[in-house]
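**Q** sharing a model that was predicted from the sequence below.
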Amino acid sequence: MAFKHIAIFLLFHTIFQFQLHKSIGLDETWIKAGYWQYDTTNPSTIQSINSSLYTHIIYGYAEVSFNSSIDDIIVTTSNDEQLRNFNKIVKMKNPSIKTILSIGGSDQSLYGSGLNLLMTSTYFTTRKYFIDSSIEIARFYGFDGLDFCWIWPTSSQAMSNVATLLDDWRVAIDLESKKSKKTRLILTMASQHTPFIQDLSFPIESMRKNLDWIHVFAFDYYHPSTTNYTSPAAALYSDHSTNDNLNTDYGVNVWIKSGFPSEKIVLGLPFYGYVWTLVSPKNNKIGAEGTGPGPKDPMYGTEGEKEPFASTNGLLEFNSIKRDMIKYRAKNSTYNSTYVMNYVSIGTTWVGFDDVESIKTKVSYAKEKNLKGYVAWQVSYDYTSILSQAAALVPRNKIGSNNNQEKGDEETRTLQIFTFDEMKEATNSFSVENELGKGGYGPVYKGKLRNGREIAVKRLSETSSQGFEEFENEVILTAKLQHINLVKVVGFCIENGEKMLIYEYMPNKSLDYYIYNQVRRLILNWEKRVQIIEGIIQGLLYLQEYSRLTIIHRDIKASNILLDLQMKPKISDFGMARIFKKDAIEANTNKIVGTKGYIPPEYAIEGRYSTKSDVFSFGVLLLQIISGKKNTCYYGPDDNLDLLDYAFEMFKDGEGMEFMDQSLDDTTHSCKLLKCMQIALLCVQKNPLDRPTMLEISSMFKNIENLVMNTPKRPAFSTRQDEDQVGNIIPNGEFDIDNATITQLVAR
């Protein structure tokens, strides 16, 4: 399939800006929303929604009706059974997703409709009944918010009324939340691409004050029934030869210049295109002369029964566009970087639409403009999730617009998007025989692709604590990082609600498989263990010093060190990794994650992490490599010392060699066990300032024969510290216990 590959770009300097944005307390939620409209003619079902790719799904629509019994306007619904099932089904696939009930929509332009009456009424009771009924219905069906879809104002009175409506609506929502002690309902509104329509203006101040955000419908600038030239119906930019007002960049800038905050703008993405009939098939560029909409869909008549890109009124959903491109072997699809759109023609039929390139560029634009996110119209038009995947996996950093990518950026790697069926075939239906290991993330399977390449498939289980954000984080990071001592990610699968990472297959499993086993550890003599230690150092050195930003892994442990055919190590599992700029010293978090026994005290107790966090983890790992001992056991004469305390006591008492794995012999090697033990103890000191940097550690190993080092202080969490010092108390957090014995890609 031509659209099975996606290039994921990670520009490190802008990720720092994003991290800074989060650190100063601004809203860090990136909205990935999509409308789903109930339609009796649409075969799409609620079950087809790939909610794992979204943060918010908007159900359209609840109706606005005149109730004669109370002589007023209320919100009603006509699909009770579907509404009852909607939240249950959508949230089953993605428990963290938020759902919003949209009010208005298709009936809003009808004269005499409930919405039209509401917008022309000046009575307080009318607004009150409408508002109260909207909140009641949202709560009854389990929605997390309300959306007001009203984009065609007809008068200045209507604009004034919507301002008053939003004022009253916000007060009512806040009051209901306090009374019910439930989370406050989200309040959003759909709007035109610009706040000014002819001589009318949306009530910007009321919208800014009362709405959580707005959905800017950045499409439908042209329509084949009103424009006899093939046109960019959802142009991101103008080429300055056409109407400069009819493009998204113009509209977004007007919203912002008018005082509406960019952080409250969610950019609309069209998952459909428009079809024109060309005058001449030879003139098939943008701006070519046309005669109106393309062929009519045969289900509504006999005209155009076998013609490609047939539609009802010129609008054609993305699914149908791609289907007909394949069916009719259309190979002349063109991407226009000025308007940011795709177009294709077959004979005299021409269709302009947004394909993967366009969607990714528009999402990148939204990030560059510091918008709040994007909203797809609509989800059911993309039941194969091609566009949804493209939008969701654009990196969360700002990428830049109009194809102006930062020069000098490191080479990026193309990841393959696998289908669920491909993974099922590769792993023999995820058979037990193919299972390599299992961790907190879920099972890991060995697989083989059709081309014969062996892979390891890490499959997120439904009970896993790792969410899509961490999955996305690992995809983005591993796509960018390239080093001989980092595991390579081949691709991923996010079809059918699944989250799978596909790695290069590492036939010799992970380090913990050997060092904790009395027999298998013999395979790793001292020479091989030195090779492993040096490889881990080089991998961490690359993450901390030789990539453009500082990368903190935050989960360095034996089970995350994989071994290739030559027993060379590769660091894996970047789901919890964090990035910040070179001159940043440390960062803070309220969410403590990692593996107990490997995390330093400043992180476990205060939530502070830095490069010295990974140094601490490396020190623990180094002690395990030279001793073959787990950090989940107790040692010493009374079995009351953890691994760090035991190592320190043995070293202090001159009995360090008794701490070592007795199968190791360093007599013929320049790298000595006791020197490694001393380096490890320097790494696990309580104060991060006392720990060496990875550069210093690398230098120590290169000059280890003649190395003179400081005497290490007592390790962190020591039970033998002074009484006024912090003991081995670790607060609650998302920790693993690294007690794996047979692992391939042990997940958290």
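**A** Alright, I've got the coordinates. Numbering: from 1, shown residues only.

**Q** got the phi/psi numbers for residue 349?
**A** phi -100, psi 130 (degrees, to the nearest 10).

**Q** the one 3 residues further on now?
**A** Main-chain dihedrals, residue 352, degrees, to the nearest 10: phi -110, psi 140.

**Q** quick check, pLDDT for it.
**A** In the predicted model, residue 352 carries a pLDDT score of 98.

**Q** check the contact between it and residue 231; I expect there is one.
**A** Yes. Under the criterion of CB atoms under 8 Å, residue 352 lies in contact with residue 231, with a separation of 7.2 Å. Backbone N, C-alpha and C define where each C-beta goes, glycine included.

**Q** domain parsing for the protein?
**A** Segmentation of the chain into domains, based on automatic domain parsing, reads 32-392, 414-504, 512-737.

**Q** quick one: contacts for the residue nearest to residue 644 when sequence neighbours are not counted?
**A** Nearest residue to residue 644 in three dimensions, chain neighbours excluded: residue 715, at 3.8 Å (CB to CB, 6 or more residues apart in numbering). Contacts for residue 715 (CB atoms under 8 Å, 6 or more residues apart in numbering) come out as 644-645, 647-648, 681, 684-686.

**Q** can you tell me which of the residues you listed is nearest residue 309?
**A** Checking those against residue 309 by CB to CB gives residue 684 as the nearest, at 65.4 Å.

**Q** what is the neighbour count of that closest one?
**A** As a burial measure, residue 684 scores 29 neighbours (other CB atoms under 10 Å).

**Q** could you do the one 5 residues further on as well?
**A** Using other CB under 10 Å, residue 689 has 6 other residues around it.

**Q** if I look at it, how far off is residue 538?
**A** In this structure, residue 689 and residue 538 are 24 Å apart, going by CB to CB, to the nearest Å.

**Q** show me the shaky parts of the stretch 51-200 of the chain.
**A** 68, 70-72, 106-112, 122-126 (pLDDT under 70).

**Q** mind listing the helices for the stretch 601-748 of the chain?
**A** Under the criterion DSSP state H, counting those that start in this stretch, helices of the stretch 601-748 of the chain are mapped to 601-606, 611-627, 643-652, 656-659, 673-683, 694-702.

**Q** okay if I get those as JSON lines plus distance to residue 78, mean neighbour count and mean pLDDT?
**A** Formatted as JSON lines, the entries for the helices of the stretch 601-748 of the chain read as follows, by distance: least, CB to CB, whole Å; neighbours: other CB atoms under 10 Å; pLDDT from 0 to 100:
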{"stretch": "helix 601-606", "distance to residue 78": "54", "mean neighbour count": "20", "mean pLDDT": "84"}
{"stretch": "helix 611-627", "distance to residue 78": "56", "mean neighbour count": "25", "mean pLDDT": "95"}
{"stretch": "helix 643-652", "distance to residue 78": "65", "mean neighbour count": "21", "mean pLDDT": "94"}
{"stretch": "helix 656-659", "distance to residue 78": "74", "mean neighbour count": "16", "mean pLDDT": "95"}
{"stretch": "helix 673-683", "distance to residue 78": "66", "mean neighbour count": "22", "mean pLDDT": "96"}
{"stretch": "helix 694-702", "distance to residue 78": "63", "mean neighbour count": "16", "mean pLDDT": "88"}
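
**Q** out of these, which is closest to residue 369?
**A** Among these, the nearest to residue 369 by CB to CB is helix 611-627 (32.5 Å).

**Q** and the closest one, what does it pack against?
**A** With contacts taken as 3 or more CB pairs under 8 Å, 6 or more residues apart in numbering; DSSP states H and E, helix 611-627 sits against helix 526-541, strand 550-552, helix 643-652, helix 673-683, helix 694-702.

**Q** one more time with 6 Å, if that's ok
**A** Under the contact criterion of 3 or more CB pairs under 6 Å, 6 or more residues apart in numbering; DSSP states H and E, helix 611-627 touches helix 673-683.

**Q** CA-only coordinates of the helix it packs on in CSV, if you can.
**A** C-alpha atoms of helix 673-683 as CSV (Å, rounded to 0.1, in the frame of the first residue of the first chain):
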residue,chain,number,x,y,z
LEU,A,673,36.6,-5.4,38.9
LEU,A,674,37.4,-3.4,42.0
LYS,A,675,37.8,-0.2,39.9
CYS,A,676,34.4,-0.9,38.3
MET,A,677,32.9,-1.4,41.8
GLN,A,678,34.3,2.0,42.9
ILE,A,679,32.9,3.8,39.8
ALA,A,680,29.5,2.2,40.5
LEU,A,681,29.5,3.4,44.1
LEU,A,682,30.4,6.9,43.0
CYS,A,683,27.4,6.8,40.7
